[in-house]
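**Student:** Give me a model of this one.
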Amino acid sequence: MASPLSRPRFRHLIAQHRAPISQLLLLLIANLAAWAWALVAFAGHPGLLGTALLAYLFGLRHAVDADHIAAIDNVVRKLMQQGKRPLSVGFFFSIGHSALVVLGVAIIVRATSALNDRIDAFKEIGGMISTGISAFFLLTIAVTNLVILVGTWKRFRRVRGGGTLAEADLDMLTAGNGLLARLFRPMFRLVTKSWHMAPLGFLFGLGFDTATEIGLFSVAAGHASDGIPPSAVMVFPVLFAAGMALIDTLDSVLMVGAYGWAFVNPVRKLWYNLTITSVSVLIAFGIGGIEALGLLARQLSLRGGFWDQVTSLNEGLAHFGYLMIGVFVLAWAVSACIYKWKGYDSLPHPAQGAPLP
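**Tutor:** Down below sits the predicted model:
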């Protein structure tokens, strides 16, 4: 008896998640293909296979850099607020970022000796551009989410006090015609589709300024100067990109699942927005602010107690990604528990009321 019932449910589950399943299968195939290429290219050279593993680990590690996690999770939350299921945000972000990494390694392989004299200046200019773009984007997203947070809190407080709320009021948070909505509309439009993250990911990678990227470029340059064929050296960035894309895509799928629980019921949507948007705002302001202050400190050669702390925090940003994933997952779990404990499901259903003034 369970079998006939479970089969339609299973089919419905597969149909509902066809896109992320297809993406993850594609990425798994890409990862296997990259490793097959490495095994063929470096057959009989265990040392080079060890270097290939290092490049792959660099990619896995780079995917949890703080700017990656903050950008992906904030954009997922923003697009979910607009009624979309942005399962591909992490995928497209990593595709854009990977394109830049592969292009950079290709340039290094072609002109290793010429770049050796100029790599420091190139890295300095690129690092400044990349950090500036990253900080501006994260701070813009933080302001956008702060506007959503204030509006959500006002509406949730009204519902908790016995008032009703129409679904249209939730839409007003991103598409309203009030003063704040008009003021911040360009920010809301910054990213409106998952694929918009591809060019943004490309721009994020302009600096080659994180430890993992610098490590990858050093590996590629070293082996290119040793006379290894360019086709073999290009295995390293492909492995890096494959590992990074897998983790970034899993991150966005995970966050869509968490947000999806919240958006089934409009009251639950309000409550969850209060908790998760607060976390998003704090993280985006924190990471973006640290990057902006760090850029200022480097360009103006600022020293002293406060600026030394800023520099130290910038150097430690590479380790924040793991913590941020845990914070988002914990916030989702705590939000669900508090929601049930407080009995907010018993509040008047928002769809029963008219839009609030």
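**Student:** What is the neighbour count of the closest residue to residue 302 other than its chain neighbours?
**Tutor:** Here the nearest residue to residue 302 in space, its sequence neighbours aside, is residue 296; by Cβ to Cβ, 6 or more residues apart in numbering that works out to 6.8 Å. Glycine gets a C-beta too; all of them are placed from N, C-alpha and C. Residue 296: 13 surrounding residues under other Cβ atoms under 10 Å.
**Student:** ok, and residue 296, which helix or strand is that part of?
**Tutor:** Per DSSP states H and E, residue 296 falls inside helix 266-300.
**Student:** Show me what that helix is packed against.
**Tutor:** Applying 3 or more Cβ pairs under 8 Å, 6 or more residues apart in numbering; DSSP states H and E, one finds that helix 266-300 makes contact with helix 66-81, helix 119-160, helix 167-175, helix 235-262, helix 305-315, helix 320-342.
**Student:** least reliable of the ones you listed going by mean pLDDT?
**Tutor:** The stretch with the lowest average pLDDT out of these is helix 167-175, scoring a mean of 49.
**Student:** Please give me every residue in contact with residue 88.
**Tutor:** Shown here is residue 88, whose contacts under the criterion Cβ atoms under 8 Å, 6 or more residues apart in numbering are 19, 23, 194-195, 249, 252.
**Student:** From what I see, residue 249 and residue 26 are in contact.
**Tutor:** No - in terms of Cβ atoms under 8 Å, residue 249 does not count as a neighbour of residue 26; the distance is 9.3 Å.
**Student:** of these two, who's got more company?
**Tutor:** Neighbours around residue 249 and residue 26, counted as other Cβ under 10 Å, are more numerous at residue 249. The numbers are 26 against 13.
**Student:** measure that one to residue 107 for me?
**Tutor:** Distance from residue 249 to residue 107, counting by Cβ to Cβ, to the nearest Å: 27 Å.
**Student:** now residue 105, nearest residue through space, not along the chain?
**Tutor:** Distances taken as Cβ to Cβ, 6+ apart put residue 237 closest to residue 105, at 4.1 Å, once the chain neighbours are dropped.
**Student:** Same question for residue 24.
**Tutor:** What sits nearest to residue 24 in space, not counting adjacent residues and going by Cβ to Cβ, 6+ apart, is residue 249, at 6.5 Å.
**Student:** so what's the one you found up against?
**Tutor:** Contacts for residue 249 were tallied using Cβ under 8 Å, 6+ apart; they are 20, 23-24, 27, 88, 90-91, 94.
**Student:** Just give me the closest of those to residue 286.
**Tutor:** residue 90 (20.5 Å; Cβ to Cβ).
**Student:** Any idea how many residues pack against the closest one?
**Tutor:** Neighbour count for residue 90, taken as other Cβ under 10 Å: 34.
**Student:** you'd agree it is up against residue 71?
**Tutor:** No - with contact taken as Cβ under 8 Å, residue 90 and residue 71 are classed as non-touching, separated by 9.4 Å.
**Student:** Common neighbours of those two, please.
**Tutor:** Both residue 90 and residue 71 are in contact with residue 197, where contact means Cβ under 8 Å, 6+ apart.
**Student:** Among the contacts of residue 88, name the buried ones.
**Tutor:** When neighbours are counted using 16 or more other Cβ atoms under 10 Å, those contain these buried positions: 23, 194-195, 249, 252.
**Student:** Show me the two of those residues that sit farthest apart.
**Tutor:** With distances taken as Cβ to Cβ, the most widely separated pair in the buried ones among the contacts of residue 88 is 195 and 249, at 13.4 Å.
**Student:** Help me confirm that residue 251 comes into contact with residue 73.
**Tutor:** Yes - proximity of residue 251 to residue 73 meets the contact threshold set by Cβ under 8 Å, at 7.2 Å.
**Student:** For residue 241, list the residues it contacts.
**Tutor:** Applying Cβ under 8 Å, 6+ apart to residue 241 gives the contacts 59, 94, 97-98, 101-102.
**Student:** Could you measure from it over to residue 94?
**Tutor:** Looking at residue 241 against residue 94, where the rule is Cβ to Cβ, the gap reads 7 Å.
**Student:** What residues does the residue nearest to residue 239 when sequence neighbours are not counted make contact with?
**Tutor:** When the adjacent residues along the chain are set aside, residue 239 lies closest to residue 56, with 4.3 Å between them (Cβ to Cβ, 6+ apart). Listed by Cβ under 8 Å, 6+ apart, the contact set of residue 56 reads 34-35, 239-240, 242-243.
**Student:** Most neighbours among these, which one is it?
**Tutor:** Counting neighbours by other Cβ under 10 Å, residue 240 leads the contacts of residue 56 with 32 neighbours.
**Student:** Which pLDDT does the model give the residue nearest to that residue when sequence neighbours are not counted?
**Tutor:** In this structure, residue 240 finds its nearest non-sequential neighbour in residue 59, 3.8 Å apart by Cβ to Cβ, 6+ apart. According to the predicted model, the pLDDT of residue 59 comes to 83.
**Student:** before we move on, what about residue 109?
**Tutor:** Taken from the predicted model, the pLDDT recorded for residue 109 is 69.
**Student:** ok, now the one 3 residues further on?
**Tutor:** As predicted, residue 112 sits at a pLDDT of 58.
**Student:** what's the answer for residue 297, then?
**Tutor:** At residue 297 the predicted local distance difference test score is 82.
**Student:** and the helix or strand where residue 21 lies, what does it pack onto?
**Tutor:** Under the assignment given by DSSP H and E, the secondary-structure element containing residue 21 is helix 18-41. Counting contacts by 3+ Cβ pairs under 8 Å, 6+ apart, helix 18-41 is packed against helix 46-62, helix 235-262.
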